[in-house]
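Engineer: model the following, please.
(one chain, ligands or ions: 2)
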Amino acid sequence: MSRLFPRFLGDRVRWGAVLVLFVFVGLIPPLAGLNENLNPDTSSRFQIFLGTSALVLALWAISYNLMLGYTGMVSFAHAAYYGVGAYTVALIFKRYHLPVLVGLGAAPFAAAAVGLVTGLVAQRAVRLYFSLLTLAISQLLFSIVFSWYDFTGGDNGISITLPDQLSDYTTLYYFTAAVVGICLLLMFILVRSPFGAALLSIRENRQRAAAIGINVKVYELAIYTIAALFAGVAGGLFVMYQQQAYPEMLYWTANAQPVVVSLLGGISTFLGPAIGAFIYVVLDNTISKQFPYQFDIILGAIVLAVVLAVPGGVSDAPSVFLRLRERFRRGEEAEKPPAESAGEAIRMFDVRKALASEAIQAEKVHSGKTLLRIEHLSRNFGGLRAVEDVSLEVKEGDRHAIIGPNGAGKSTLFNLITGQLKPSSGKVILDGRDITGRPPHVIAKTGIGRAFQITTIFPKLSVRQNLQYAMLAHAGYTVRPFGIADRIFAGEAQELAEAVGLGMWAGLPAGQLSHGDQRAIEIAISLALGSKLVLLDEPTAGMSAYETDKAMELVRRLATERFLTLLFCEHDMSVVFSTARTVTVMHQGRVLTAGTPEQIRRNPDVQKVYLGELEQEEVGA
Ligand code: ADP
Ligand code: MG
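Structural biologist: Numbers count the residues shown, from 1 in each chain. Ligands and ions are numbered 1, 2, ... in the order given. A predicted model of the protein is given here:
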């Protein structure tokens with residue numbers, strides 16, 4: 001993801017492509033001069049102007065892609081920050097009579113400041129509603145610029161004149177290229193850093209990102225502000241080569257440009273939008289000349305065709321070609337792992353050693369201290385009491401099962417413990433520390449790992465990255481905007497992948513593995529976080545009998561080897577009785593009873609609850 005170009009031909013060719021791109025950018029002015037000599041009806045000035053506009057568009061689009069491609073946020077306010085940058089340059093020149101370069105220096109800070117404040121507002125909502133709020137913000141900023149006639153000049157805009165040193169087209173081109181180059185370098189360092197890793201994890205799965213300890217909203221606000229900052233630079237450069245700022249720059253439809261450019265070039269690689277920008281500028285000038293009124297229609301058709309044929313954009317076309325060739329050559333699915341690979345983990349399992357430490361551990365548990373204490377915990381959903389006055393204790397090193405029919409409140413209880421839900425009343429105390437109602441990313445840091453009822457991993461990241469990013473978050477490294485994330489903890493992550501039997505697939509996208517193996521990743525993420533307590537919500541749901549056995553053997557082995565405390569809920573009674581040392585039974589939100597598996601097995605009330613459920617199921621069926 002943090003690649004300049006797709007991984008289609010190995011490192012050397014990719015860096016070669018970057019070099020070619022740089023040389024091409026550097027050669028545009030002499031090439032334009034040459035072209036003018038050969039075809040006297042073309043103007044080199046105009047072509048250099050187009051080159052400048054492509055560079056600025058590339059910067060603007062890549063800054064947009066920090067949100068769209070790297071974090072998964074769709075904003076309609078990015079043009080507004082571009083406009084703020086532009087007006088900063090224009091106003092500082094016009095109203096305060098300072099040099100244009102002073103304005104260019106101030107533009108990113110003005111745009112970032114407006115981005116930060118408006119981003120805080122937009123963040124009151126998520127996803128679609130976030131996008132709608134950015135749209136409203138964009139319209140608001142446009143209206144201010146458009147109607148504040150005395151200050152901004154309203155629809156007349158503001159004109160500027162460049163200092164003598166920059167008034168030459170070629171000089172301005174190289175100046176723009178240098179500024180854009182510095183900005184791209186900074187952004188590239190950012191997306192490869194641990195901070196960039198946190199962004200990718202948010203894009204992949206917000207819930208999982210929070211559960212590994214990432215404060216999702218803070219990171220989203222940070223990248224929103226940083227994107228605005230670079231958009232401000234782009235806007236400032238725009239004013240310099242256009243020598244004018246005008247309110248339409250901020251109009252919400254202007255956001256279509258970075259989106260279209262990103263989609264054309266490809267949002268999954270860093271330089272994709274830059275390629276898109278050059279294609280856009282070329283198309284704009286060839287099509288507009290021939291069909292001045294049909295540009296939007298033709299452009300729309302081209303974007304549609306590109307997105308349908310090469311979803312990764314033009315910069316990804318070679319990898320599509322290679323994938324097709326591969327398929328013809330070797331038949332499909334060459335690299336897929338077999339569905340049942342947990343067997344590898346089981347073979348590594350030393351039964352005798354495990355039994356010995358099992359016995360020691362069981363003893364420790366009985367004398368052990370309380371790791372998690374839940375006191376009178378309740379949660380209502382309207383009139384429904386999903387969890388009601390639940391109190392229980394989980395001893396350190398125990399394997400504590402929560403059982404109960406569907407709708408008993410097990411998942412809700414887990415969500416209350418790990419912060420996805422806030423309790424209506426009651427307390428959650430971990431290791432003597434009150435964690436009631438704290439957000440998930442804080443609770444993850446206190447040492448509770450969690451596997452969700454529906455598997456929650458980062459599907460497009462490799463197995464190794466899934467674990468690595470959890471380690472980065474746990475170590476607090478994700479605040480770092482420098483360094484290469486994929487090189488930190490790579491060895492540790494590989495070892496952990498091996499410990500859960502996934503060593504061979506560590507480089508594959510996690511989403512390609514079997515259901516059981518994805519479950520193992522989720523558990524391994526908890527281990528990567530160094531969690532003392534691991535919550536598993538129906539760890540074997542949806543598994544075959546064979547997969548269930550393997551998965552639970554893995555869980556038992558890890559719990560024994562690493563002295564983990566397990567709290568799990570499970571439907572399958574054979575799983576409960578083969579794994580749990582303590583069982584709590586829930587029914588209709590309340591604790592019915594608790595005890596050893598043997599006591600629970602013999603309890604007539606428990607039998608009644610389960611019998612009742614069976615009868616209901618039979619009637620329902
Ligand atoms: P379990 O995991 O034991 O099957 P849950 O904790 O998922 O049970 O659900 C307990 C009860 O709370 C159910 O009746 C369920 O419909 C209800 N419930 C769970 N989550 C919500 C929610 N977000 N909003 C409203 N009702 C909910
Ligand atoms: Mg549930």
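Engineer: continuing past the helix or strand encompassing Ala32, what's the next helix or strand?
Structural biologist: Using DSSP states H and E, Ala32 maps to helix 10-38. Next along the chain after helix 10-38, taking DSSP H and E as the criterion, comes helix 44-71.
Engineer: show me what that next one is packed up against.
Structural biologist: helix 10-38, helix 78-94, helix 169-192, helix 194-204, helix 216-242, helix 256-265, helix 272-290 (3 or more C-beta pairs under 8 Å, 6 or more residues apart in numbering; DSSP states H and E). (C-beta placed from N, C-alpha, C; glycine too.)
Engineer: go with 7 Å
Structural biologist: For helix 44-71, the packing partners by 3 or more C-beta pairs under 7 Å, 6 or more residues apart in numbering; DSSP states H and E come out as helix 10-38, helix 169-192, helix 194-204, helix 216-242, helix 256-265, helix 272-290.
Engineer: hmm, stretch 204-214 touching ligand 1?
Structural biologist: No - remark: stretch 204-214 sits outside contact range of ligand 1, by C-beta under 6 Å from any ligand atom, the gap being at least 13.6 Å.
Engineer: distance from the chain centre to that stretch, please.
Structural biologist: From the chain centre to the centre of stretch 204-214 is a distance of 8 Å (C-alpha atoms, centre = their mean, to the nearest Å).
Engineer: what distance do you get for the closest residue to Val606 other than its chain neighbours to Cys569?
Structural biologist: Using C-beta to C-beta, 6 or more residues apart in numbering and skipping residues adjacent in sequence, the residue nearest Val606 is Val585, 5.3 Å away. Distance of Val585 to Cys569, given as C-beta to C-beta, to the nearest Å: 11 Å.
Engineer: ok, now Asn466?
Structural biologist: According to C-beta to C-beta, Asn466 stands 23 Å off from Cys569.
Engineer: kindly report the same for Ser147.
Structural biologist: As judged by C-beta to C-beta, Ser147 and Cys569 stand 59 Å apart.
Engineer: which one's more surrounded, the two?
Structural biologist: Cys569 (25 against 11; other C-beta atoms under 10 Å).
Engineer: can you pull the pLDDT of the more buried one?
Structural biologist: Here the pLDDT value assigned to Cys569 is 94.
Engineer: surely it touches Pro405?
Structural biologist: No - contact criterion C-beta atoms under 7 Å: Cys569 and Pro405 do not qualify, at 11.3 Å.
Engineer: residues in contact with the nearest residue to Ala110 once chain neighbours are set aside?
Structural biologist: Once flanking residues are discounted, Ala110 sits nearest to Thr88: 4.2 Å by C-beta to C-beta, 6+ apart. By C-beta atoms under 7 Å, 6 or more residues apart in numbering, the contact list for Thr88 reads 103, 106-107, 110, 232, 236.
Engineer: now the helices: where do they sit in the stretch 251-400 of the chain?
Structural biologist: For the stretch 251-400 of the chain, the helices defined by DSSP state H, counting those that start in this stretch cover 256-265, 272-290, 295-309, 317-330, 343-347, 351-367.
Engineer: need the winner for burial among these.
Structural biologist: Of the helices of the stretch 251-400 of the chain, the one with the most neighbours on average (mean count of other C-beta atoms under 10 Å) is helix 256-265, at a mean of 24.
Engineer: report all helices and strands that that one contacts.
Structural biologist: With contacts defined as 3+ C-beta pairs under 7 Å, 6+ apart, helix 256-265 has these neighbours: helix 44-71, helix 272-290, helix 295-309.
Engineer: mind checking these for the one nearest to Gly157?
Structural biologist: Ranking the helices and strands packed on helix 256-265 by proximity to Gly157 (C-beta to C-beta) places helix 44-71 first, at 17.0 Å.
Engineer: where among the helices of the stretch 251-400 of the chain is average confidence lowest?
Structural biologist: helix 343-347 (a mean of 41).
Engineer: and the residue of the stretch 201-350 of the chain at minimum distance from ligand 1, how far from Thr42?
Structural biologist: Ligand 1 sits closest to Gln207 of the stretch 201-350 of the chain, with a gap of 13.6 Å, by C-beta to the nearest ligand atom. Relative to Thr42, Gln207 is positioned 55 Å away (C-beta to C-beta).
Engineer: ok, now Glu36?
Structural biologist: Going from Glu36 to Thr42 by C-beta to C-beta gives 6 Å.
Engineer: the two: which has the busier surroundings?
Structural biologist: Taking other C-beta under 10 Å, Glu36 and Thr42 do not tie; Glu36 has more neighbours (16 against 13).
Engineer: next up, the contacts around the nearest residue to that one once chain neighbours are set aside.
Structural biologist: Spatial nearest neighbour of Glu36, chain neighbours left out: Ser44 (4.1 Å); criterion: C-beta to C-beta, 6+ apart. By C-beta under 7 Å, 6+ apart, the residues touching Ser44 are 32-33, 35-36.
Engineer: that older thread, turn the helices of the stretch 251-400 of the chain into JSON lines, columns for distance to Arg124.
Structural biologist: Below are the helices of the stretch 251-400 of the chain laid out as JSON lines (distance: least, C-beta to C-beta, whole Å):
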{"stretch": "helix 256-265", "distance to Arg124": "23"}
{"stretch": "helix 272-290", "distance to Arg124": "28"}
{"stretch": "helix 295-309", "distance to Arg124": "31"}
{"stretch": "helix 317-330", "distance to Arg124": "39"}
{"stretch": "helix 343-347", "distance to Arg124": "45"}
{"stretch": "helix 351-367", "distance to Arg124": "46"}
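Engineer: tabulate the ones you listed (TSV), appending distance to ligand 2.
Structural biologist: Listed next are these as TSV, based on distance: least, C-beta to the ion, whole Å:
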stretch	distance to ligand 2
helix 256-265	39
helix 272-290	41
helix 295-309	38
helix 317-330	39
helix 343-347	26
helix 351-367	26
